[in-house]
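Asks: sequence first, predicted model second:
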Amino acid sequence: METLGFLVDGFGVALQPHNLMFALMGAFLGTLIGALPGLGPANGVAILIPLAFTLGLAPETAMIMLTSVYAGAMYGGRISSILLNIPGDEPAMMTCLDGYPMAMKGKAAEALAISAVASFIGSLVATVGLILLAPLLADFALTFGPAEYFALFMLAFATLGGITGKNPMKTVVAACIGLMIATVGIDSTGTQRYTFNVLELYEGVDFIIAIVGLFAISELMFFIEDRAGGGKEKIAVNKLSLSWKDIRDILPTSLRGGVLGFVAGVLPGAGASLGSFISYTLEKRVLGSKGRFGEGDPRGVAAPEAGNNGASSGALVPMLTLGVPGSGTTAVLLALLISLNITPGPLMFTQNADIVWGVIAALLIGNFLLLLLNIPLVGIFVKLLSVPPMYLLPIVTMVAFVGIYSISNTTFDLYFMVAFGVFGYVLRKLEIPLVPIILGLLLGPEMEKNLRHALEISDGDWMVLWDSGLAIGLWVVAGLGLILPYIVGPVLRRRMKAGDAQSD
Amino acid sequence: MTFNDRIFGVLMIVLAVAYGWGATQFPEPFGGGAEAVGPETFPYLLAVVLTLSSLYMIVRPDPDNAWPWSRTGVELVIAVVVLVLYAMLLQPLGFIPSTLLAVGTLCWRMGAPPVKAYLTGGIAGVVVFLIFNFALDLALPLGLLDFLEAN
């Protein structure tokens, strides 16, 4: 009941006209970001963070806008999956399987509408889940001491690659690099670390510069390398003819997909890609021979879309309650929170209740906005999709430049960003994941602080780190997160690949 | 061939050693170093973990992805040079001219016809400049177009 009261307050925040306006803007931009190939959600949100700052938005408004971008990006990913057969972002991969065949049969408009409805349902189910689960988890997390937090951070890193991850050791390398960069600057005892007496480094490396550089600039370089500037042929959209029966047909599928997605989103190491994969394969199994999966079955479009949107709302649970994100995009949202001087974690639910519940309410409202945006206005996004990357990416790069420049009006930051971009390109070539680096940058200071507190309490006894049952449990899960990819990873990856190959 | 991971692993070990050595050079924090965790403890931990995980990369490297030598490589270098020049010229030239040049060149190198490319750059520059200066109230440098400011 208490939750309901908070939620009502949250609606009070989210329904304020300017917040509503920014939510709408975010939803629109998000869909666009998701739809355009080469502009993933993490990348898109990252580019918009400096803008949210320079606009001087209130913390709750900034959070509402970027959460809407995040939700929108998950909607948008499906558009290019269906029309171009290239996923706008990774979780939209499974949508290609039935979405593209459906579009080939001249049912592109129906596929887009069905996937929008499924996204809406998946997201709605998961947001309800978020509302129910988040306060409970936040209460539970209040019992965490520094040792448990330290173990939790380890868990976050260990599971970041996901159980489908290729080489967990590379995640470890990446996490170390991120944490090392985070130690640059003056630490809490006033000691200068790795500043080399460069004034700009005293305050440490601004993680927003690092994020934008790693994502946006390296993406530009990859497009240049692939010579993908011209874009791909897209399927024309027919006139929509959708009956209530069509929507009723996909309802059970979407509900199941939403629940599965939510669970995948909350659990460490699963994430949106696995969410859409699980809900697609499960649906295929449930319906068996009744479905014509892979040939353009509407339910094959609905299942993964409900799954990935459910997962994206679910992924907000650990981010909001524990301050530990499980995906690249939620990591970027965490970056926003930290730079707004809000300490993420369970205390946020009491200290910044208006922000947390405002964001949750905005997620609900955003969903309705997105449904409206995505059914009648889908044509706009389809038009924008035909802008070839050779014009789009340079402009996106320019926006990144402007955003970073506007933070502090110095050229130094821009050089830094370009350097991070080149570094990001090299790392991606080596298949070293970028997200752990970002998480390391974000969590580094907190992690060190908790380690310090834990050891101060125990008077330097390292055993304190695995002294409680809870801490041991977290360490065990973290260990599994590193070991499981070697055992089940190859199997799962092969299956996902097999599913993917079917569509070609 | 599996050179990439090995070379990177070696580089990371060098980094880890340098980083760990750097941590030994920190001055004693004010009030003596009697505490259990000093500024150097966490860096030591990181140096050890990075060394071990890099060793793994050297011992069990993944297959290489090919590097783009030849023409594509040149294009990449051009792109990076353009970005560096963009950063360098943003203040002296001003936002609009430098954007015209940078975005235009990038579009052109990515395959757009030159006229359309620089037109895109120019329009993008003007539009973003107007949005930032008037709608968002953030001053981007005018540079060469400084004379317009008097109006």
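Replies: Cool, the structure landed. Residues are numbered from 1 along each chain as shown, chains lettered A, B, ... in the order given.
Asks: could I get the pLDDT score of A:Gln29?
Replies: Careful, residue A:29 is Leu and not Gln. At A:Leu29, the pLDDT value in this model is 88.
Asks: can I get the host helix or strand of it as PDB, trimmed to CA atoms?
Replies: Assigned by DSSP states H and E, A:Leu29 belongs to helix A:17-35. Taking Å, rounded to 0.1, in the frame of the first residue of the first chain, the C-alpha atoms of helix A:17-35 are listed here in PDB:
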ATOM      1  CA  PRO A  17       3.900  19.500 -18.100                       C
ATOM      2  CA  HIS A  18       7.600  20.000 -18.600                       C
ATOM      3  CA  ASN A  19       8.400  16.500 -17.400                       C
ATOM      4  CA  LEU A  20       5.800  15.200 -19.700                       C
ATOM      5  CA  MET A  21       7.200  17.200 -22.600                       C
ATOM      6  CA  PHE A  22      10.700  15.800 -22.000                       C
ATOM      7  CA  ALA A  23       9.300  12.300 -21.700                       C
ATOM      8  CA  LEU A  24       7.700  12.700 -25.100                       C
ATOM      9  CA  MET A  25      10.900  14.100 -26.500                       C
ATOM     10  CA  GLY A  26      12.900  11.300 -25.000                       C
ATOM     11  CA  ALA A  27      10.500   8.700 -26.300                       C
ATOM     12  CA  PHE A  28      10.700  10.100 -29.800                       C
ATOM     13  CA  LEU A  29      14.500  10.400 -29.800                       C
ATOM     14  CA  GLY A  30      14.800   7.000 -28.300                       C
ATOM     15  CA  THR A  31      12.700   5.400 -31.000                       C
ATOM     16  CA  LEU A  32      14.800   7.100 -33.500                       C
ATOM     17  CA  ILE A  33      18.000   6.000 -31.800                       C
ATOM     18  CA  GLY A  34      16.800   2.500 -31.600                       C
ATOM     19  CA  ALA A  35      15.700   2.400 -35.200                       C
END
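Asks: how far does whichever helix or strand comes after it sit from the chain's center?
Replies: Counting by DSSP H and E, the next helix or strand C-terminal to helix A:17-35 is helix A:41-54. Computed by C-alpha atoms, centre = their mean, to the nearest Å, the separation of helix A:41-54 from the middle of its chain amounts to 13 Å.
Asks: likewise for stretch B:75-86?
Replies: Using C-alpha atoms, centre = their mean, the offset of stretch B:75-86 from its chain centre is 11 Å.
Asks: how many other residues sit next to residue 49?
Replies: All of this is about chain A. 25 (other C-beta atoms under 10 Å in any protein chain shown). (C-beta placed from N, C-alpha, C; glycine too.)
Asks: wait, chain B
Replies: Residues near B:Val49, counting by other C-beta under 10 Å: 16.
Asks: one more: A:Val491?
Replies: Residues near A:Val491, counting by other C-beta under 10 Å: 10.
Asks: grab the nearest non-local neighbour of A:Tyr149.
Replies: Among residues not flanking A:Tyr149 along the chain, A:Asn450 sits closest, at 4.4 Å (C-beta to C-beta, 6 or more residues apart in numbering or on different chains).
Asks: pretty sure A:Thr321 sits against A:Ala138.
Replies: Yes - using C-beta atoms under 8 Å, A:Thr321 is in contact with A:Ala138, at 4.3 Å.
Asks: looking at those two, which has the bigger crowd around it?
Replies: A:Thr321 (26 against 20).
Asks: need the contact list for the more buried one.
Replies: A:134, A:137-138, A:141, A:345-346, A:349 (C-beta atoms under 8 Å, 6 or more residues apart in numbering or on different chains).
Asks: test my guess that A:Leu29 contacts A:Ile47.
Replies: No - using C-beta under 8 Å, A:Leu29 is not in contact with A:Ile47; the gap is 9.9 Å.
Asks: counting neighbours, go ahead and name the busier of these two.
Replies: A:Ile47 (27 against 22).
Asks: mind pulling the model confidence for the closest residue to the more buried one other than its chain neighbours?
Replies: In this structure, A:Ile47 finds its nearest non-sequential neighbour in A:Ala400, 5.1 Å apart by C-beta to C-beta, 6+ apart. If you check A:Ala400, the pLDDT there is 88.
Asks: how about the one 10 residues further on?
Replies: Listed pLDDT for A:Thr410 reads 86.
Asks: again, but for B:Phe8
Replies: For B:Phe8, pLDDT reads 91.
Asks: and it, how far is that from A:Ala210?
Replies: 19 Å (C-beta to C-beta, to the nearest Å).
Asks: again with A:Ala303
Replies: 36 Å.
Asks: these two - which one has more neighbours?
Replies: Between A:Ala303 and A:Ala210, A:Ala303 has the larger neighbour count (other C-beta under 10 Å), namely 38 against 27.
Asks: burial measure for the residue in the stretch 1-150 of chain A positioned nearest to chain B, as a count.
Replies: Of all residues in the stretch 1-150 of chain A, the one sitting closest to chain B is A:Thr54 (5.5 Å; C-beta to the nearest C-beta). By the criterion of other C-beta under 10 Å, A:Thr54 has 17 neighbours.
Asks: equivalent analysis for B:Ile7, please.
Replies: Residues near B:Ile7, counting by other C-beta under 10 Å: 15.
Asks: show me the domain layout of chain B.
Replies: Per automatic domain parsing, the structural domains of chain B span B:4-59, B:70-150.
Asks: and A:Phe368, which of these is closest to it?
Replies: The closest of those to A:Phe368 is domain B:70-150. By C-beta to C-beta, the value is 27.1 Å.
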